[in-house]
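> output the structure for:
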Amino acid sequence: TAIDLGAGRTAVAVSTDHYTTCAILDNGELKCWGFNRYGQLGNGHDGGVNPNCCSNNTPSAAAIDLGPGRTAVAVSTGGQHTCAILDNSELKCWGNNNYRQLGIATQQTLNTPSSTAIDLGSGRTAIAVSAGRTHTCAILDNGELKCWGRDGWGELGTPGPNPSFPHLHTAIDLGPGRTAISVSAGHITTCAILDNGDLKCWGDDSFGQLGRGTSQPHLDNQAGPIQSITLHEPPSQAIDLGPGRTAVSVATGAYNTCVILDNDEAKCWGHDDHGQLGIGGVGDYYEYESTPPVTTIDFGVDRTAVAIDIDVRHACATLDNGEIKCWGEDDYGQLGDGGSNTNQGSPGAVFGSDTWDATRTPSIGSGSATQSNLTASVEGVDLETGQLMTNITFNAPLPPANGSFETIFEGGINRRIQNLEADIDSNDVIHAT
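Predicted coordinates:
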């Protein structure tokens, strides 16, 4: 049975975390449901002094008040907070603010979106947002990446330990001339895809989830504490994804990272105690991969992933034929395979006859890039040859001449479009006046 979002309403984007789910509807409204201890549902209520208060099992009849006439174009749920980019490119967050993850100067918890948008810098707006466990990251309209909130493991990408819960000020140094086109904030790890397709990660590396080949992140096969290994800034060298390979989508979880490559292959690395790397077998507590494995995830003959997401110990991918397959931990039926409740080390199909949206996008649940001036419902856009497309209205100053799409995307919205071969002229573009 489908979730009741309201009469005639459908969902165009969804984000879910541990205890909260949010959906953008086809009319731009935003509705959330689940646990509401800290006001993360945005409905004006919270638990107050009662830690067990205020869960909503279904979407409320009324949408979240984002401001007069405002709608949502992207949403990301974090550990106990929620963030949304609005149709005017403003960014607002609400919920728990114990580490200033809401991007406001105080530590005040908010149970509704603030009337004032987050100050991202003079004239700056957000084109992507990702809410982690206790931190938040946003890509700005000039391609800069900023993160704020807790920095206990270096997840903010700022130099050195910073336990004072800094407010957002300066952009993260991604390398000379580099900008971000996609970001994923995990529990205590952050990853970003750069405009040249490189992938860089920083923060906690206790199980090798940063992909930099850390040797023995903990005592292998020995009962003992995990060694705390952290990286407070993006490394100078990008993650080695394979010869000539670049990243088009990234998702970070608790102790894992997953990526879709430019050749449509998918890889995961980090902790593998429940088979969440998807490469076969279910390991033990000390099982991990600290670099992207040579073996890619097997989705079936000629099948590829178009979107991927990972949570604490399980992952799911939407395939190019509209199937969804999941792998990893299944103690609560999170793999959706019909009730086996058995951990799986390889992708298995979700039970049922539903067909899922196979539009190629970066993973949604972890907060990937959004092109708010291209489409109001997709967190990230890739153009592919040989695929039917609806008209796209570009907010460009002039219709482009024959040749490259690069002219359309000037200004930092999306500087890299791969594998596009097309003869484009002004007759192919609907110009927005």
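
> please count neighbours and contacts with C-alpha atoms only from this point.
Will do.

> so where's the stretch 1-150 of the chain shaky on pLDDT?
49, 51-52 (pLDDT under 70).

> kindly recompute the last result at 90.
1-2, 17-19, 45-57, 60, 105-106 (pLDDT under 90).

> can you map out the strands along it?
When assigned using DSSP state E, counting those that start in this stretch, the strands of the stretch 1-150 of the chain occupy the ranges 11-16, 20-25, 30-34, 72-77, 81-86, 91-95, 126-131, 135-140, 145-149.

> remind me what the first one packs against, helices and strands.
Think strand 11-16. In terms of contacts (3 or more Cα pairs under 8 Å, 6 or more residues apart in numbering; DSSP states H and E), strand 11-16 is packed against strand 20-25, strand 72-77.

> hey, which of those is tucked in deepest?
strand 72-77 (a mean of 32; mean count of other Cα atoms under 10 Å).

> surely Asn96 and Thr106 touch.
No. Using Cα atoms under 8 Å as the test, Asn96 is too far from Thr106 to be in contact (11.6 Å).

> ok, these two, which is more surrounded?
Neighbour comparison, Asn96 and Thr106: the larger count goes to Asn96, with 26 against 12 (by other Cα atoms under 10 Å).

> what residues are up against the more buried one?
Tyr38, Gly39, Gln40, Gln80, His81, Leu102, Gln108, Thr109, Leu110 (Cα atoms under 8 Å, 6 or more residues apart in numbering).

> quick one: which of these is most hemmed in?
Gln40 (34 neighbours).

> relative to Gln107, how far out is it?
Distance, Gln40 to Gln107, using Cα to Cα, to the nearest Å: 15 Å.

> what's the answer for Thr82, then?
15 Å.

> neighbour count for those two, which is higher?
Comparing Thr82 with Gln107 by other Cα under 10 Å, the one with more neighbours is Thr82, at 32 against 15.

> now for that one: which residues touch it?
Gln40, Leu41, Val75, Ser76, Cys93, Trp94, Gly95, Ala131.

> test my guess that the last one contacts Cys137.
Going back to what we said before, that points to Ala131. Yes. Using Cα under 8 Å, Ala131 is in contact with Cys137, at 6.5 Å.

> overlap in contacts of the two?
With Cα under 8 Å, 6+ apart, Ala131 and Cys137 have common neighbours Ser184, Ala185.

> could you check which of the two is surrounded by more residues?
Taking neighbours as other Cα under 10 Å, Ala131 and Cys137 compare with Ala131 leading, 34 against 29.

> what sits against that one?
76-79, 81-83, 137, 184-186, 366-367.

> hmm, 7 Å instead?
Ser76, Thr77, Gly78, Thr82, Cys83, Cys137, Ala185, Gly367 (Cα atoms under 7 Å, 6 or more residues apart in numbering).

> if I look at it, how far off is Gln276?
Taking Cα to Cα, one finds Ala131 at 21 Å from Gln276.

> ok, now Ile297?
Ile297 is 11 Å from Gln276, where distance means Cα to Cα.

> tell me which of the two has more neighbours.
Shown here are Ile297 and Gln276; by other Cα under 10 Å, Gln276 has more neighbours (36 against 19).

> ok, for the more buried one, nearest residue in space, not its chain neighbours?
Gly328 (4.0 Å; Cα to Cα, 6 or more residues apart in numbering).

> re earlier: save the contacts of Ala131 as TSV, and put in distance to Asp302 too.
Below are the contacts of Ala131 laid out as TSV (distance: Cα to Cα, whole Å):
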residue	distance to Asp302
Ser76	31
Thr77	33
Gly78	34
Thr82	37
Cys83	37
Cys137	35
Ala185	31
Gly367	28
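
> before we move on, the earlier item: Serialize the helices and strands packed on strand 11-16 to TSV and add fields for distance to Ala117.
Listed next are those as TSV, based on distance: least, Cα to Cα, whole Å:
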stretch	distance to Ala117
strand 20-25	19
strand 72-77	13
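
> quick one, which of these is nearest to Leu335?
Checking those against Leu335 by Cα to Cα gives strand 20-25 as the closest, at 17.0 Å.

> what are the pairing partners of the closest one, and which direction each?
In the sheet, strand 20-25 lines up against strand 11-16 (antiparallel), strand 30-34 (antiparallel) (DSSP bridges).

> contact partners of that strand?
9-16, 30-35, 72.

> roughly how far is that strand from the heart of the chain?
The chain centre lies 14 Å from the centre of strand 20-25; the measure is Cα atoms, centre = their mean, to the nearest Å.

> I'd say Val306 and Ala358 touch.
Yes. The pair Val306 and Ala358 qualifies as a contact (Cα atoms under 7 Å) at a distance of 6.5 Å.

> list the residues that contact the closest residue to Gly103 other than its chain neighbours.
Spatially, and ignoring its direct neighbours in sequence, Gly103 is nearest to Ile118 (5.9 Å; Cα to Cα, 6+ apart). Applying Cα under 7 Å, 6+ apart, we find Ile118 in contact with Leu91, Lys92, Gly103, Ile104.

> one more: Ala349?
Ile324, Lys325, Cys326, Asp337.

> point out where the stretch 251-400 of the chain drops to low pLDDT.
271-275, 279-289, 295, 311-312, 329-341, 343, 345-346, 351-400.

> ranges for the strands of it?
256-261, 266-271, 288-289, 305-310, 314-319, 324-328, 344-349, 393-394.

> burial count for the nearest residue to Arg133 once chain neighbours are set aside?
The shortest distance from Arg133 to any non-neighbouring residue, by Cα to Cα, 6+ apart, is to Gly79 (4.0 Å). Look at Gly79: counted by other Cα under 10 Å, it has 20 neighbours.

> residues contacting the nearest residue to Tyr332 once chain neighbours are set aside?
Spatial nearest neighbour of Tyr332, chain neighbours left out: Asn341 (6.6 Å); criterion: Cα to Cα, 6+ apart. Counting by Cα under 7 Å, 6+ apart, Asn341 touches Asp330, Asp331, Tyr332, Gly333.

> just checking, Ala251 touches Val259?
Yes. Between Ala251 and Val259 there is a contact at 6.4 Å, judged by Cα under 7 Å.

> pick out whichever of the two has more residues nearby.
Under the criterion of other Cα under 10 Å, the comparison of Ala251 against Val259 puts Ala251 first, with 31 against 28.
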